[in-house]
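S.K.: Take a look and give me a structure for this.
(chains A, B, C and D, ligands or ions: 6)
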Amino acid sequence: MQCSRGLEREGFLIDKAFLGGGVYSLRFETQELLPAILPGQFFMVGPHRWKSDPFLLRPFAVVDGSENGVEFLMKVVGRGTKDIVSCERGTSFRLRGPLGNGVFTATRGRSLALVAGGIGVAPLLCAWKFHSDVISSFVFGVSNRDWAGVADWASSKVSGLTVASDDGSLGCKGTAPDVLKKEGDFIDEIWACGPVPMLKAVYETFGGKSLIMASLESRMGCGIGGCHSCTVKTQRGMLKVCHDGPVFDLSEVFLDELI
Amino acid sequence: MQCSRGLEREGFLIDKAFLGGGVYSLRFETQELLPAILPGQFFMVGPHRWKSDPFLLRPFAVVDGSENGVEFLMKVVGRGTKDIVSCERGTSFRLRGPLGNGVFTATRGRSLALVAGGIGVAPLLCAWKFHSDVISSFVFGVSNRDWAGVADWASSKVSGLTVASDDGSLGCKGTAPDVLKKEGDFIDEIWACGPVPMLKAVYETFGGKSLIMASLESRMGCGIGGCHSCTVKTQRGMLKVCHDGPVFDLSEVFLDELI
Amino acid sequence: MSLSDVSKSLPDLSISIGGLTLPSPLIIASGLWPHDASFWQEPYSAGVGAICSKGLTRRPRTGNSGIRIWETPSGVLNSIGLQNRGVEVFVKEELPHLAKSGIPVIVNLAVESLEETIESLVLLKSVVKDIAAVELNVSCPNVDCGGMAWGMSADGVSSVLGVARKVWEGELWVKLTPQAFDLPAVGRAAEDGGADALVVSNTWLGMAIDVETKKPVFDRIFAGLSGPAVFPLALRCLYEVAGSVSIPVIGCGGVCSDEDVLAMLLVGAAAVEIGSMLMHDLKCISNIHESLTKRMVLWGVGSVADIIGKGRGDRF
Amino acid sequence: MSLSDVSKSLPDLSISIGGLTLPSPLIIASGLWPHDASFWQEPYSAGVGAICSKGLTRRPRTGNSGIRIWETPSGVLNSIGLQNRGVEVFVKEELPHLAKSGIPVIVNLAVESLEETIESLVLLKSVVKDIAAVELNVSCPNVDCGGMAWGMSADGVSSVLGVARKVWEGELWVKLTPQAFDLPAVGRAAEDGGADALVVSNTWLGMAIDVETKKPVFDRIFAGLSGPAVFPLALRCLYEVAGSVSIPVIGCGGVCSDEDVLAMLLVGAAAVEIGSMLMHDLKCISNIHESLTKRMVLWGVGSVADIIGKGRGDRF
Ligand SMILES: Cc1cc2nc3c(=O)[nH]c(=O)nc-3n(C[C@H](O)[C@H](O)[C@H](O)COP(=O)(O)OP(=O)(O)OC[C@H]3O[C@@H](n4cnc5c(N)ncnc54)[C@H](O)[C@@H]3O)c2cc1C
Ligand SMILES: Cc1cc2nc3c(=O)[nH]c(=O)nc-3n(C[C@H](O)[C@H](O)[C@H](O)COP(=O)(O)OP(=O)(O)OC[C@H]3O[C@@H](n4cnc5c(N)ncnc54)[C@H](O)[C@@H]3O)c2cc1C
Ligand SMILES: Cc1cc2nc3c(=O)[nH]c(=O)nc-3n(C[C@H](O)[C@H](O)[C@H](O)COP(=O)(O)O)c2cc1C
Ligand SMILES: Cc1cc2nc3c(=O)[nH]c(=O)nc-3n(C[C@H](O)[C@H](O)[C@H](O)COP(=O)(O)O)c2cc1C
Ligand code: FES
Ligand code: FES
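M.R.: Ligands and ions are numbered 1, 2, ... in the order given. Here you go, the predicted structure:
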């Protein structure tokens, strides 16, 4: 997280594509240059027309970034995301970022697998872009066929993506950790992002054997480590997802306390 | 004001034209049929995307109405009007109206003149449409050339409109009441709408001689006579602009108490 | 928390408050709705459980001078000053038409002096059959002649109920003011004094400056804040009072949606009053009624009573 | 009101509060800004008059469990629970870096017990040269171990100042809680106890229910409301206190724009603190500073002092 030039800048929505399942891909362009973005980093995002209601910006992981642009994958879940995806192209946004110091970092010579659940695929797509050479498998688990569009879109970016669905209506049948287990021989390290139950399943299946680095979610206020809103309980105390994460070693995190 | 079918309905912005001087003409279309609209009546207006901030709808006089549409003239003065004129065509709005029981009503055989100041021209354009046969003159006073577009637009609707500007940069030089005085022989009745100083000038010039019916403004909450927000002090007590007006006999109104 | 699991038939939205049964828990709060029978019918009556009158005083009041309403972030400041035609005119000229609508009429009575309160209640007694309940407003922050004082303390409210309960035998509600320091204590005093229900609560004292004129917006400087902005505060007050008394408590303050209504029911409200939101949307009550019904079906909850107080959690 | 008419040269935004001079009246409120020197510099420092530390306690605190922040209409509920590393770590590891920034550091000290307060102040004394002022937080509604109690009454605040003023000779501010019944009385008690300035005020006690889970959102049920929603309430409190004491009063609560700052100055604030708005816009202070300067030029006002208290009007 670099802040000398400031993290708060204006961006314009330049592209919006509906991928099905309530998920959109959104691309923004900035006039000011963006600092280099690392996989796992995120932005706090909101249109300028949000004055005081909605009041808080919303955090979204970077899928892809460049010097003057950034792409997100956004699932509509509440009023904020609903309003964001209703914006026309050209709408002016606040883009605060890139945020997060705990990122996905590959270590030479270690085998690496990625496991995503639902919209958790977003930061892992970024991780893939950086580290595809060392990643042996990438499993993307979804609930059902509603996700077909997102899965196709992700497959177009990730060669050899394994799609799995709970009901078997898309890709292999089974949860992402189950499928990864079937796929894999011994894996040194797993990068994960998805709903808490999935993270727990990953930890139960691979914990102890593999190092599991997971990108966590939490409700956020500032995104810069100022307000202490976004903490998770870990062996090292209450850590801030925005500042100490969002990527954590799962063995340090009290999984039952995740909200 | 008719409420059996309900006053609250949805309308879509179908046309928006910038006329200069911060003034827009806005046209809305409704699916449900509108009741007949009388000159002086108004609507409370706000886009559906206003959830709680802005919270209050804004009142605007009807310029022209039909069974399934209504037209307003809107001057941008604050956050509400700024946001409304920024809406794209197709935006869904709340349209509460037509509101107001005190309207402009012509009496057979009486000479009638109209005098408007600035955006106060809006309800008088509607009055002209209904009663042009009995109106002998219509003076539209503005501050300066910024209003040229609005004046042209109004002239295209009102044959024989006299435009006056304070600095003489548009039409005749002088205030609207001054110009009306020069124009007119004896006038039985004057219909006026504009800023309070103009109303006072009209009253000073013609009060006692002519009946002056003026459309007043006031901050409003409900628009239906429920909240008592919009009162003006009159000889008959505190009357509600939304329910007893907006058109009042100026001789009844305590002009110095108008806000 | 367990909500009783019932059949998927249409849920029952009727509620009871003391001896009163209302067809819906959604009540129009005082000061928002015209005393004009044409608004006491379809389409506005859909989903409405009762309507509170404008705050009435013994004698007519002209209300405050100057600006009376001002928008704030997600809220509204008002300084109406209880403009009303007085209890006598209400009883003779207005109530008969309103009562004919079939919508239960809650008479909001602003408590000025004890004498005037007694006089007003005596006048109302003559038309008790047309009145579902009297709601004593001990809260109005706009009036300096005692209106504020009564609701600020348990003692004040006890005095008011001491006289009111003797004269008025019908349903009697007390609408508290959030400016009171110890709201639960004031609520208990009202309960002890014989109130049938409490309304929690009224507007919050605020103010505004007009930066253009560099002056306070309101002639009386302070004004009452209402609307969505105050919802989290009102919910907290409701939670506190509902946990401290055993009579029904009616939530009021910032309610805008079925979620807000449910939140208030879950922390213990027997019903809710909706005020400012009606300025935003005249039909909000019927919309809320509809979505509330849908959600109850979804939850498999057969009656409002099954929700009340089921989401209080434990304080510490 | 007459604002003195001065030349059109750039206005002076510096202000003084007791013995302290700040380059701007815009202070970052406690609990919003990282103790991370990289944020105590350009571009964030532009327009900033001072920064309040996160609320510190004698010993480290882990803060509250569960959800800590929740959006409400134009507001934010928070239940952080004073997570901080304790005064000792602050003094040794954090303050030296922050002080080097040149931005005046206001140390926000959460008053738990009187003993801990004394101990903390003794520790801070050793670094008094790096501290512009200590701000005693007698307001935090999230802590049940006394933090609430002190600020609720004049007596509580008197006790705190009784011990604090003996130990701490530097600038001493008291940040009041709006939950107090008689804020002017509490303010006067602080003034009598030797406070150099008052901050009016902190968050407002509210709560939220998550309708999906049918439970209170926060583990501690109640949480503090801040943000634009509370501005009209904070302005009223400020007006009342500023009219009751003769020491400087700093406004705090919901400030988002230069208009809000001006409103607070006009009713009597010597400066303002800005908190939640920083979550909305990290650069809001420099934006406000710019528009404030422009408006002062427009008004022909040469210094902030010429605005303070000039818009109070008369109450009744
Ligand atoms: C580091 C990080 C990265 C994320 N990346 C993505 C992503 O790439 N794509 C995506 O679709 N979503 C992502 N999320 C989740 C996303 O931030 C929430 O879905 C979104 O904030 C919900 O906002 P809303 O207004 O629609 O929902 P509402 O429920 O109406 O939100 C109300 C409030 O809750 C907060 N909130 C609600 N749910 C969450 C949540 N799960 N996490 C954090 N805050 C929440 C909002 O910020 C807001 O303050 C990420 C979250 C975090 C913390
Ligand atoms: C009966 C009536 C008819 C009107 N007709 C027109 C018209 O045809 N065209 C037009 O441009 N304007 C008209 N106005 C004025 C218009 O309503 C205000 O300019 C508008 O509400 C300002 O809103 P804002 O949010 O932009 O300003 P802000 O100052 O940000 O408004 C804040 C609040 O003040 C209220 N308000 C501000 N100024 C006024 C005002 N002068 N009158 C009433 N409320 C005000 C708003 O409703 C809002 O609640 C009319 C007003 C009334 C009462
Ligand atoms: C314009 C207006 C007028 C009001 N008049 C009264 C009144 O006469 N008597 C009363 O008890 N409450 C009055 N209130 C308070 C409301 O009944 C309600 O208690 C308060 O506004 C909070 O609810 P809300 O946020 O849903 O509006 C008034 C409120 C408004 C906005
Ligand atoms: C996330 C958060 C944390 C806060 N922490 C503290 C604190 O530690 N000490 C304190 O005195 N006030 C604290 N506050 C209160 C703010 O300093 C400020 O008084 C309050 O939020 C009102 O101002 P605002 O509306 O500008 O935010 C906190 C507020 C928020 C939102
Ligand atoms: S969001 Fe403010 S500290 Fe993480
Ligand atoms: S605006 Fe409510 S009575 Fe006129």
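S.K.: Point me to the residue of chain C nearest ligand 3.
M.R.: Residue nearest to ligand 3 within chain C: residue C:31 (2.0 Å; C-beta to the nearest ligand atom). Where C-beta positions appear, they are placed from N, C-alpha and C, glycine not excepted.
S.K.: so where does the nearest residue to that residue once chain neighbours are set aside fall, helix or strand?
M.R.: With C-beta to C-beta, 6 or more residues apart in numbering or on different chains as the criterion, residue C:31 has its nearest non-adjacent residue at 5.5 Å, and that residue is residue C:54. Assignment of secondary structure by DSSP states H and E places residue C:54 within no helix or strand.
S.K.: Flag every residue of the stretch 151-300 of chain C that's near chain D.
M.R.: Within the stretch 151-300 of chain C, the positions adjacent to chain D are C:181, C:204-209, C:211, C:214-216, C:220-223, C:225, C:227-233, C:235-236, C:239, C:254, C:256, C:259, C:262-263, C:266-267 by C-beta under 8 Å from any C-beta of the partner chain.
S.K.: scratch that, the stretch 151-259 of chain A is what I was asking about
M.R.: Checking the stretch 151-259 of chain A against chain D by C-beta under 8 Å from any C-beta, the hits are A:219-222, A:224-231, A:233, A:237-238, A:243, A:257, A:259.
S.K.: who touches residue 230 in this structure?
M.R.: If you meant another chain, say so; for now it's chain A. Each residue near residue A:230 by C-beta atoms under 8 Å, 6 or more residues apart in numbering or on different chains is listed here: A:218, A:219, A:220, A:221, A:240, A:241, A:242, D:68, D:69.
S.K.: Chain C is the one I meant
M.R.: For residue C:230, the contacting residues are C:75, C:203, C:204, C:253, C:254, D:229, by C-beta under 8 Å, 6+ apart.
S.K.: starting at the chain centroid, how far to the helix or strand bottoming out on mean pLDDT in chain A?
M.R.: In chain A, no helix or strand scores lower on mean pLDDT, DSSP states H and E than helix A:176-183, which sits at a mean of 86. Once both centres are worked out by C-alpha atoms, centre = their mean, to the nearest Å, helix A:176-183 turns out to sit 20 Å from its chain's centre.
S.K.: repeat for stretch C:112-132
M.R.: On C-alpha atoms, centre = their mean, the centre of stretch C:112-132 falls 18 Å from that of its chain.
S.K.: on that earlier part again, if we check ligand 1, which of the contacts of residue A:230 are in contact?
M.R.: On the criterion C-beta under 6 Å from any ligand atom, A:218, A:219, A:220, A:241 are the entries of the contacts of residue A:230 that sit beside ligand 1.
S.K.: quick one: which two of those residues are the most distant?
M.R.: Pairwise distances across those (C-beta to C-beta) peak at 9.1 Å, for the pair A:219 and A:241.
S.K.: Which of the helices or strands spans residue 233?
M.R.: All of this refers to chain A. Per DSSP H and E: residue A:233 is located in strand A:231-234.
S.K.: try chain C instead
M.R.: Element membership of residue C:233 [criterion: DSSP H and E] is helix C:231-242.
S.K.: residues near residue 97, how many?
M.R.: Just so you know, I chose chain A. Residue A:97 is flanked by 26 other residues according to other C-beta atoms under 10 Å in any protein chain shown.
S.K.: try again with chain C
M.R.: Neighbourhood size, residue C:97 [other C-beta under 10 Å]: 13.
S.K.: next one: residue A:62
M.R.: The number of residues packed near residue A:62 is 26, by other C-beta under 10 Å.
S.K.: ok, it - contacts?
M.R.: Residue A:62 neighbours (C-beta under 8 Å, 6+ apart): A:37, A:39, A:41-43, A:70-72, A:97-98, A:122-123, A:126.
S.K.: ditto for residue C:194
M.R.: Going by C-beta under 8 Å, 6+ apart, residue C:194 touches C:161, C:165, C:172.
S.K.: and the closest residue to ligand 5 within chain C, what is it in contact with?
M.R.: Scanning chain C for proximity to ligand 5 using C-beta to the nearest ligand atom identifies residue C:232 as nearest, at 19.8 Å. Shown in contact with residue C:232 (C-beta under 8 Å, 6+ apart): C:254, D:72, D:75, D:77, D:206, D:207, D:208, D:223, D:225.
S.K.: can you rerun that using 10 Å?
M.R.: Taking C-beta atoms under 10 Å, 6 or more residues apart in numbering or on different chains as the criterion, residue C:232 is in contact with C:253-254, C:263, D:70, D:72-73, D:75-77, D:204-209, D:217, D:222-225, D:229-230.
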